[in-house]
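Peer 1: The sequence and its predicted three-dimensional model are supplied below.
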Protein chains: 2
Amino acid sequence: MNKPPSFEEGLLQYVEELKDESEMTEKQRNILRASVKLFAEKGFHASSTAEIAKEAGVAEGTIFRHYKSKKDILLAVVAPVLVKFAAPFILKDLREIFREQAQKPFGEIVAELYRNRLNLVGANEKHIRILLQEAFFHPEIREALIATVFEDAKAMVQKLIEAKIDAGELRPLPSQAVFRVVLSSLIGMVLFRQVLDKEDYAYYSDEEQIALTVDILLNGIGK
Amino acid sequence: MNKPPSFEEGLLQYVEELKDESEMTEKQRNILRASVKLFAEKGFHASSTAEIAKEAGVAEGTIFRHYKSKKDILLAVVAPVLVKFAAPFILKDLREIFREQAQKPFGEIVAELYRNRLNLVGANEKHIRILLQEAFFHPEIREALIATVFEDAKAMVQKLIEAKIDAGELRPLPSQAVFRVVLSSLIGMVLFRQVLDKEDYAYYSDEEQIALTVDILLNGIGK
DNA sequence: TATAAAAGTGAGTAATCACTCGCTTTTATG
DNA sequence: CATAAAAGCGAGTGATTACTCACTTTTATA
């Protein structure tokens, strides 16, 4: 009858207990830094606690003084990305973009959104990599990712889209589909920049890619 | 001075030695089937050879009679997806779409392309999941994926795009950006259908999603 | 400065890991 | 039908795994 701990009891609990780095010991910060490095390079399962200890310059026992299991380290690495990023940024940054700029043309809002998210990804490559990697295997992480990042963004952006449709600025399309294409284009830019097409992508700047993408999004590729 | 085996010596070698299932023993087929199941569920690193043997109803020694290492099993699982799928389908299916239908409107060609790829993904969920999961960790797989699937598709689609621009059917945009958006939209559909938004997505059929996506792609969302 | 709590240590542990090897059984071939 | 090769087996291997614990060192507090 014992339910496995749900992501609310599990992952989101970390959110509330989130120490910020200033109240950690030197060694504990080293453990996190080493874990991020190794997890990003070889994945969670392929990184041993012995390696982490060595990389962090710490005895193996010290790790378990701070984290009661190896998986705890993963959650401690991943939770801040999810929270400090997703939640506050989406709820604050994005809310700002939408509220303060809701009167701006949709294209400009989306461009600003893309700019914001692209910078975010660039500045936190490793953490995001770990987050996505492990989302494949740990349903709790996947669900937390969808519940915090995706659902919020979806609700907010769809609302904006519907307002812009009512205002006659956008064609009367299903907001679900519009949101999907808006998000797809963002994911596509990240994907091309980071993994698929580094050379060709590098030929254009981020700003040019954004402008092109928004142009296509608004006006289509047809003549 | 020993270079690690490149993906050509490693992965693509499997392509040529690819047994088809008919010339495998019952047990060997069971090993592959069990591996696909476990790798898809918990990932390569988290699946032990003991588990695979148990799931396949086989002695652990039997596994190593057929595959000289655990990683060999992964490559044997992944190579067929890469080759039987990517290469032939892209070089045959896609080439068919492009050649036989090049005179059709771009929208119809892309719709056909989306239909084709969406079915492919649906029919091979597990294998694709494993392929993507492990592409994070194994550079050889990632490179093979990009080299075989991505580069071919990119060259072919960009050529079509440029032809359609010359024919005056599409706006004169950089083909790189157009290709990126075309591919992004496909990835977006897959992502929404399979993981992000199962409920909302289910409200529309694949065919409707494709039609909407192509409409937006061609005509944009602006009024 | 005395004292307790917190942080750090590293040898030790049972379990599990991928893989081997000597053996038996099944299959193919002439 | 004889014989060899291929397939299958499972106990056994040393290495590695995440984690513990008795102990020492550092830090905070009164």
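Peer 2: Structure's in. What do you need?

Peer 1: A:Gly168 - that's part of a strand, no?
Peer 2: No - using DSSP: H, G, I helix; E, B strand; the rest coil, the assignment for A:Gly168 is coil, not a strand.

Peer 1: who touches it in this structure?
Peer 2: By Cβ atoms under 8 Å, 6 or more residues apart in numbering or on different chains, the residues touching A:Gly168 are B:Lys223. C-beta: built from backbone N, CA, C; applies to glycine.

Peer 1: Dihedrals phi and psi, it?
Peer 2: phi 80, psi 10 (degrees, to the nearest 10).

Peer 1: and A:Leu212, what is it in contact with?
Peer 2: A:Tyr204, B:Leu173, B:Pro174, B:Ala177 are the contacts of A:Leu212 under Cβ under 8 Å, 6+ apart.

Peer 1: What strand or helix carries it?
Peer 2: In this assignment (DSSP states H and E), A:Leu212 forms part of helix A:206-219.

Peer 1: That helix - what's its average pLDDT?
Peer 2: What helix A:206-219 shows for mean pLDDT is 97.

Peer 1: cool, stretch A:141-149 as well?
Peer 2: 88.

Peer 1: repeat for stretch A:76-83
Peer 2: Taken as a whole, stretch A:76-83 carries a mean pLDDT of 88.

Peer 1: Equivalent analysis for stretch A:176-189, please.
Peer 2: For stretch A:176-189, mean pLDDT rounds to 97.

Peer 1: and what of stretch A:155-165?
Peer 2: 91.

Peer 1: Not counting its neighbours along the chain, what's nearest A:Lys27?
Peer 2: Nearest non-adjacent residue to A:Lys27, counting by Cβ to Cβ, 6 or more residues apart in numbering or on different chains: A:Val58, 5.2 Å away.

Peer 1: Would you agree that neighbour falls within a strand?
Peer 2: No - counting by three-state DSSP, A:Val58 is not found in a strand; it is coil.

Peer 1: Tally up the residues packed near it, please.
Peer 2: Other residues lying near A:Val58 total 20 when counted by other Cβ atoms under 10 Å in any protein chain shown.

Peer 1: mind checking how far it is from B:Gln103?
Peer 2: According to Cβ to Cβ, to the nearest Å, A:Val58 and B:Gln103 sit 67 Å apart.

Peer 1: A:His45 now?
Peer 2: Counting by Cβ to Cβ, the gap from A:His45 to B:Gln103 is 51 Å.

Peer 1: Specify which residue of those two has the higher count of neighbours.
Peer 2: Each of A:His45 and B:Gln103 has its neighbours counted (other Cβ under 10 Å); A:His45 has more, 19 against 7.

Peer 1: Can you tell me the closest non-neighbouring residue to the most far-flung residue of chain A relative to its centre?
Peer 2: Distance from the C-alpha centroid of chain A, by Cα atoms, centre = their mean, peaks at A:Lys223 (35.5 Å). Nearest residue to A:Lys223, sequence neighbours excluded (Cβ to Cβ, 6+ apart): B:Arg171, at 5.4 Å.

Peer 1: residues in contact with that neighbour?
Peer 2: A:Asn219, A:Gly220, A:Ile221, A:Gly222, A:Lys223, B:Ile165.

Peer 1: wouldn't the fifth one be in contact with B:Glu169 here?
Peer 2: By that I understand A:Lys223. Yes - using Cβ atoms under 8 Å, A:Lys223 is in contact with B:Glu169, at 6.3 Å.

Peer 1: Buried residues in stretch A:192-204, which are they?
Peer 2: Counting neighbours by 16 or more other Cβ atoms under 10 Å in any protein chain shown, one finds that the buried residues in stretch A:192-204 are A:Phe192, A:Arg193, A:Val195, A:Leu196, A:Asp197, A:Asp200, A:Tyr201, A:Tyr204.

Peer 1: any bit of that stretch sitting next to chain B?
Peer 2: Yes - using Cβ under 8 Å from any Cβ of the partner chain, stretch A:192-204 reaches chain B at A:Phe192, A:Val195, A:Leu196, A:Asp197, A:Asp200, A:Tyr201, A:Tyr203, A:Tyr204.
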